[in-house]
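Participant: below: sequence and its predicted model.
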Amino acid sequence: MVSASEGSAGHNGRAEPLPTFQTGFPIRPDRLVEAATPEDVREAVAYAGGRGLHVAAHASGHGLPGPVDGGVLIATRALDSVTVDPVRRTARIGAGASWSQVIEAAAPHGLAPLNGSSPSVGAVSYTLGGGLGILAREFGYAADHVRSLDVVTADGIARRVTPEREPELFWGLRGGGHRLGVVTGLEIDLVAVERLYGGSIAFDGAPAAGEVGAQAAAEVVRGYLEWTRTVPETLTSSLAALVYPDLPQLPGELRGRYVISVRVAFTGDVAEGERLVAPLRALGGPAAVLSDSLREMPYAESHTIHSDPPLPHAYYGDSAVLGEPDAERTVQAFELAGPRAPMMTVVQLNHLGGALAARPEVPNAVPYRDAGFLLRLLSPLDGTEVGAVRALYGEVGRVLEPAVLGRSLNFSFGGGDRTAGFHEAETAKRLAGLVSQYDPAGLFGGPYGA
């Protein structure tokens, strides 16, 4: 185990700073523990518990740990083992492993994990928050496919948690996030997907001179919402819009433009995929299409569907889980975050339903199964005040309020400033009971729904 002595990474210089993907919120623990083994995690939790210190874990750094000022931060990035069992179609994943590692290990066996759009995201952290993947409408949440978890609870005990052994804790860890302990690894199902039909269609949101794109983008938003009513569960998609900066490293067709894109992942054959997306290609006419990358691809190239930014940066984000949003209110939400917004903002609408609405055979804490869509907002923070971003998000939230059910644990990148709404009231109450049982001293943070 490698541990900073007194002081922390980036706090008083006694330890090397911990690399993070999210650079907008400094992490300042009093002690940093770089765990090399699960036993190191157990020792670190026992150490903190004996001294009444808060504990948080940190893997790939896309999200942020819980409150650690004055506490102990356990870096799990070295616990990155991935073992695939092709017969059982499962993978055993260490807490520090990214989805790219799991995809690479599974591909030779004709298998794939239920990963999200960015391959550098930590697989375990993503799954604890539910895990909304690129094939989610067909296979459900990643958390629905967990078979066992290895977790260190606040009493310093390392536990193997399964449906048969500590079933209530097994329920809560799958969808309840990090509040119940430090998960050092898990076993999860893989799916038999070698290839898919996917990619994106990018539309010019402002094709006419002098316009800011409201009319063109509105047509795409309305058309997309209508199109989602017609597609099978084997097709998962999202709609995203942003004003691209005018930078030379960007493709010419995107630089400085307001672009609205539909992203698609479909496990059926190419001919059927082409038939399904034909209505999308007709939106706005041929002149409105800036690029079209839809094609058959090996699953190992699925990260190109969204092409999420690979480099660390500072950002703030939030989310709204929606029932059936009104089309005109959704258009207004996109307009608020569009070219007239006071800062660059990415707005994304994920189509839910399908297998996401099904209750798994072994229930878990993943909330809002009846939701139809998830709206996500993300804004770079370079030169932008967080307060201004929050104000914009508040406007978007008020427009969508009639359809809002809650918020997504996986897509709220606000440094822990808002924790309400992640679960329905009954689920939050049940999770709070588990916290009282497994972490009565509050080692891993505040109560659910606080």
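Facilitator: Happy to help now that I have it.
Participant: now the terminal residues of stretch 169-184, how far apart.
Facilitator: One end of stretch 169-184 sits 15 Å from the other (C-alpha to C-alpha, to the nearest Å).
Participant: could you pull out the strands for the stretch 51-200 of the chain?
Facilitator: Taking DSSP state E, counting those that start in this stretch, the strands of the stretch 51-200 of the chain run over residues 55-58, 72-75, 82-85, 90-94, 146-152, 158-161, 182-189, 195-204.
Participant: distance from the second one to the middle of the chain?
Facilitator: Taking C-alpha atoms, centre = their mean, to the nearest Å, one finds strand 72-75 lying 21 Å from the centre of the chain it belongs to.
Participant: in CSV, list the C-alpha atoms belonging to it.
Facilitator: Output of strand 72-75 as CSV, limited to C-alpha atoms (Å, rounded to 0.1, in the frame of the first residue of the first chain):
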residue,chain,number,x,y,z
VAL,A,72,-9.2,9.7,3.7
LEU,A,73,-9.3,9.2,-0.1
ILE,A,74,-8.7,5.7,-1.4
ALA,A,75,-7.4,5.6,-4.9
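Participant: for the record, mean pLDDT for that strand?
Facilitator: What strand 72-75 shows for mean pLDDT is 93.
Participant: for it, packing partners?
Facilitator: strand 31-34, helix 38-51, strand 55-58 (3 or more C-beta pairs under 8 Å, 6 or more residues apart in numbering; DSSP states H and E). For the C-beta atoms, the positions are set from N, CA and C on the backbone; glycine is no exception.
Participant: show me the beta-bridge partners of the nearest residue to Thr162 once chain neighbours are set aside.
Facilitator: For Thr162, ignoring the flanking residues on the chain, the nearest one in space by C-beta to C-beta, 6 or more residues apart in numbering is Ser148 at 4.6 Å. Judged by DSSP bridges, the bridge partners of Ser148 are Glu187.
Participant: my read is that Ser148 contacts Val161, right?
Facilitator: Yes: judged on C-beta atoms under 8 Å, Ser148 makes contact with Val161 at a distance of 6.5 Å.
Participant: who has more neighbours, the two?
Facilitator: Remark: of Ser148 and Val161, Val161 carries more neighbours, 25 against 18, as counted by other C-beta atoms under 10 Å.
Participant: the more buried one bridge partners, please.
Facilitator: Under the criterion DSSP bridges, Val161 forms beta bridges with Leu149.
Participant: could you dump the strands of the stretch 51-200 of the chain to JSON lines with distance to Ala403?
Facilitator: Shown next, in JSON lines, are those (distance: least, C-beta to C-beta, whole Å):
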{"stretch": "strand 55-58", "distance to Ala403": "33"}
{"stretch": "strand 72-75", "distance to Ala403": "37"}
{"stretch": "strand 82-85", "distance to Ala403": "39"}
{"stretch": "strand 90-94", "distance to Ala403": "35"}
{"stretch": "strand 146-152", "distance to Ala403": "30"}
{"stretch": "strand 158-161", "distance to Ala403": "35"}
{"stretch": "strand 182-189", "distance to Ala403": "32"}
{"stretch": "strand 195-204", "distance to Ala403": "24"}
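Participant: of those, which is nearest Thr345?
Facilitator: strand 195-204 (17.3 Å; C-beta to C-beta).
Participant: just checking: what are the partner strands of the closest one?
Facilitator: strand 258-266 (antiparallel), strand 289-292 (antiparallel), strand 295-298 (antiparallel).
Participant: leaving out the residues flanking it, which one is nearest to Glu395?
Facilitator: Leu336 (5.4 Å).
Participant: so the one you found sits right up against Gly394, yeah?
Facilitator: No: judged on C-beta under 8 Å, Leu336 makes no contact with Gly394 at a distance of 10.2 Å.
Participant: can you give me the helices in the stretch 301-450 of the chain?
Facilitator: Listed in chain order, the helices of the stretch 301-450 of the chain (DSSP state H, counting those that start in this stretch) span residues 327-336, 386-400, 425-438.
Participant: any idea which of those helices gets closest to Leu242?
Facilitator: Closest to Leu242 of these is helix 327-336 (C-beta to C-beta; 10.3 Å).
Participant: now the closest one, how far from the centre of its chain.
Facilitator: For helix 327-336, the distance from its own C-alpha centre to the chain's C-alpha centre is 23 Å (C-alpha atoms, centre = their mean).
Participant: with stretch 305-322 instead?
Facilitator: The chain centroid and the centroid of stretch 305-322 are separated by 8 Å under C-alpha atoms, centre = their mean.
Participant: quick revisit: neighbours of the residue nearest to Glu395, how many?
Facilitator: 20.
Participant: ok, Pro251 next?
Facilitator: 10.
Participant: among the strands of the stretch 51-200 of the chain, which is nearest Leu374?
Facilitator: Short answer: strand 195-204, nearest of those by C-beta to C-beta, at 17.8 Å.
Participant: model confidence over that closest one, on average?
Facilitator: On average, strand 195-204 scores 96.
Participant: that one: what's the following helix or strand?
Facilitator: Along the chain past strand 195-204, the next helix or strand (assigned with DSSP states H and E) turns out to be helix 214-228.
Participant: what's that following helix packed up against?
Facilitator: Applying 3+ C-beta pairs under 8 Å, 6+ apart, we find helix 214-228 packed against strand 195-204, strand 235-243, strand 258-266, helix 270-281, helix 327-336, strand 346-351.
Participant: rerun that using 7 Å as the cut-off
Facilitator: strand 235-243, strand 258-266, helix 327-336 (3 or more C-beta pairs under 7 Å, 6 or more residues apart in numbering; DSSP states H and E).
Participant: ok so, going back, between the strands paired with strand 195-204, which gets nearest to Ile27?
Facilitator: Closest to Ile27 of the strands paired with strand 195-204 is strand 258-266 (C-beta to C-beta; 31.1 Å).
Participant: weakest of the strands paired with strand 195-204 in terms of mean pLDDT?
Facilitator: Mean pLDDT is lowest for strand 289-292 among the strands paired with strand 195-204, at a mean of 92.
Participant: which parts of that strand are buried?
Facilitator: Neighbour counts over strand 289-292 (16 or more other C-beta atoms under 10 Å) mark 289-290 as buried.
Participant: what's the separation between Ser81 and Pro38?
Facilitator: Distance, Ser81 to Pro38, using C-beta to C-beta, to the nearest Å: 10 Å.
Participant: same check, this time on Ala241
Facilitator: The value you get for Ala241 to Pro38, if C-beta to C-beta is used, is 43 Å.
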